[in-house]
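Colleague: everything below, folded, please.
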Amino acid sequence: MSLLPSSISEPANICQLIDVLLNFFHILTDYLFFFAALFLVIGGIFFLLFPENPLWVKRGRLAIISVVAGLMIIYLAEPGLKLFFQVIAPQYKLIPECPIAINYPPLPPPKPLPTPSVWIPPPYIPPGPIPPGTCGGQILLAASKYRGRCYVRGGGHGNGCGDGLDCSGFVSCVMKDVGIFSPGMSLLAQDFPKYPKYFSLITRDQLQPGDLIVSNPQTQPHIVIFAGWAKDGRYLVWESGGGDSHSNCPLTNSCNCPWCSGSCVRYAYRQQRRPVEIYLRPICH
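Modeller: This next block holds a predicted model:
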């Protein structure tokens with residue numbers, strides 16, 4: 001049995017009518033609360049100013065009591081109507097069941113994501129012939145002569161450049177070959193930045209073939225000779241020991257002696273940037 005005439009008994013029309021009715025009552029309640037509160041404020045002020053006024057004694061108190069009672073009725077009426085139309089009436093088939101709209105507060109607009117600070121390497125340039133007559137070219141040519149020389153800790157320091165070499169001994173030998181170091185001079189990896197007479201500090205984006213990269217000078221120092229940029233931010237180096245080779249590139253990583261265990265002077269990829277890196281440019285004379 002429906003409480004509504006057949007002309008509006010369609011479920012969609014009934015739900016729309018109930019929604020309009022509840023919204024209207026909600027707006028009406030807001031206005032009634034406002035005017036009732038205004039009346040109570042004015043009545044309270046009147047009572048404070050004229051507590052013995054006959055108008056207040058005869059009618060004011062009754063009016064305030066009536067307004068308070070009316071507010072309580074209005075306050076309870078809105079949830080009562082919602083309970084009837086949304087729960088009781090559909091349960092007893094008096095009206096069709098209507099979906100209850102949940103009015104969530106609007107979400108704040110999303111904050112724009114910060115633009116990531118990403119270092120973009122120079123474009124990839126395939127390794128070509130070493131440019132003649134340049135300091136970087138001389139350094140790379142001198143480095144290539146040590147290819148396959150076994151890694152020996154302490155090698156290249158004091159005992160010449162004829163046997164195995166560690167990372168800093170290898171670079172020291174190259175610096176001697178191009179005339180930057182004197183014949184008896186060699187440095188540890190962490191000491192290269194301390195000699196501005198031989199090397200100038202540069203930034204990462206200024207790197208050119210033949211420059212030096214000192215990584216982690218305070219913890220596990222390692223030094224390589226920069227040979228050029230590769231793809232995806234990787235770079236090519238000449239180094240003794242360490243490094244990450246790439247199996248799909250035509251780089252020579254084999255060693256000349258059987259007891260090297262794969263560590264030797266080689267032309268290799270560096271896969272990623274180290275936590276701390278210092279970039280140096282040799283000062284050629």
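Colleague: so where do the helices sit in the stretch 151-285 of the chain?
Modeller: For the stretch 151-285 of the chain, applying DSSP state H, counting those that start in this stretch gives helices covering 167-177.
Colleague: which residues of it fall in strands?
Modeller: 199-202, 212-215, 222-229, 235-240, 265-270, 277-282 (DSSP state E, counting those that start in this stretch).
Colleague: which of those comes out lowest on mean pLDDT?
Modeller: Among these, strand 265-270 carries the lowest mean pLDDT, at a mean of 78.
Colleague: next, the angle helix 167-177 makes with that strand.
Modeller: 120 degrees (axes from the mean of the first three to the mean of the last three Cα atoms, to 10 degrees).
Colleague: and the angle from strand 265-270 to strand 235-240?
Modeller: 150 degrees.
Colleague: please name the nearest non-neighbouring residue to D163.
Modeller: G155 (5.8 Å; Cβ to Cβ, 6 or more residues apart in numbering). Quick note: C-beta positions are derived from backbone N, CA and C, even for glycine.
Colleague: how's this protein carved up into domains?
Modeller: 6-91, 135-282 (automatic domain parsing).
Colleague: worst mean pLDDT among the ones you listed?
Modeller: domain 6-91 (a mean of 66).
Colleague: burial measure for I139, as a count.
Modeller: For I139, the tally of surrounding residues (other Cβ atoms under 10 Å) stands at 27.
Colleague: next one: V68
Modeller: Neighbours around V68, by other Cβ under 10 Å: 12.
Colleague: could you do C284 as well?
Modeller: 14.
Colleague: if I look at it, how far off is P108?
Modeller: From C284 across to P108, the span is 60 Å (Cβ to Cβ, to the nearest Å).
Colleague: re the thing from before, so the residue nearest to D163 touches G162, yeah?
Modeller: No - at 9.5 Å, G155 and G162 do not qualify as touching, with contact defined as Cβ atoms under 8 Å.
Colleague: and those two? which has more neighbours close in?
Modeller: G155 (24 against 10).
Colleague: who are the neighbours in contact with L28?
Modeller: L28 makes contact with no residue, according to Cβ atoms under 8 Å, 6 or more residues apart in numbering.
Colleague: next one: L212
Modeller: Here L212 is in contact with V171, F192, F199, I223, V224, I225, F226, Y279, L280, R281, P282 (criterion: Cβ under 8 Å, 6+ apart).
Colleague: what's the answer for G155, then?
Modeller: D163, G164, L165, D166, G169, F170.
Colleague: cutoff 6 Å now
Modeller: D163, G164, L165, D166, G169 (Cβ atoms under 6 Å, 6 or more residues apart in numbering).
Colleague: biggest separation within these, which pair?
Modeller: D163 and D166 (11.0 Å; Cβ to Cβ).
Colleague: who has more neighbours, those two?
Modeller: Shown here are D163 and D166; by other Cβ under 10 Å, D166 has more neighbours (23 against 12).
Colleague: just to check, the more buried one is in contact with R153?
Modeller: Yes - D166 lies in contact with R153 (Cβ atoms under 6 Å); the separation is 5.3 Å.
Colleague: out of the strands of the stretch 151-285 of the chain, nearest to P183?
Modeller: Counting by Cβ to Cβ, and looking across all of the strands of the stretch 151-285 of the chain, nearest comes strand 277-282 at 16.6 Å.
Colleague: need the contact partners of the closest one.
Modeller: I180, P193, F199, S200, I202, R204, L207, D211, L212, I213, V214, S215.
Colleague: restricted to buried residues, select those in PyMOL.
Modeller: To isolate the buried members of those in PyMOL, using 16 or more other Cβ atoms under 10 Å:
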select buried, resi 180+193+199+207+211+212+213+214+215
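Colleague: now the two most distant members of the contacts of strand 277-282.
Modeller: Largest pairwise distance in these, by Cβ to Cβ, is 21.8 Å, between I180 and R204.
Colleague: picking up where we left off before, just put the strands of the stretch 151-285 of the chain in a markdown table and tack on distance to Q138.
Modeller: Shown next, in a markdown table, are those (distance: least, Cβ to Cβ, whole Å):
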| stretch | distance to Q138 |
| --- | --- |
| strand 199-202 | 15 |
| strand 212-215 | 14 |
| strand 222-229 | 12 |
| strand 235-240 | 13 |
| strand 265-270 | 16 |
| strand 277-282 | 10 |
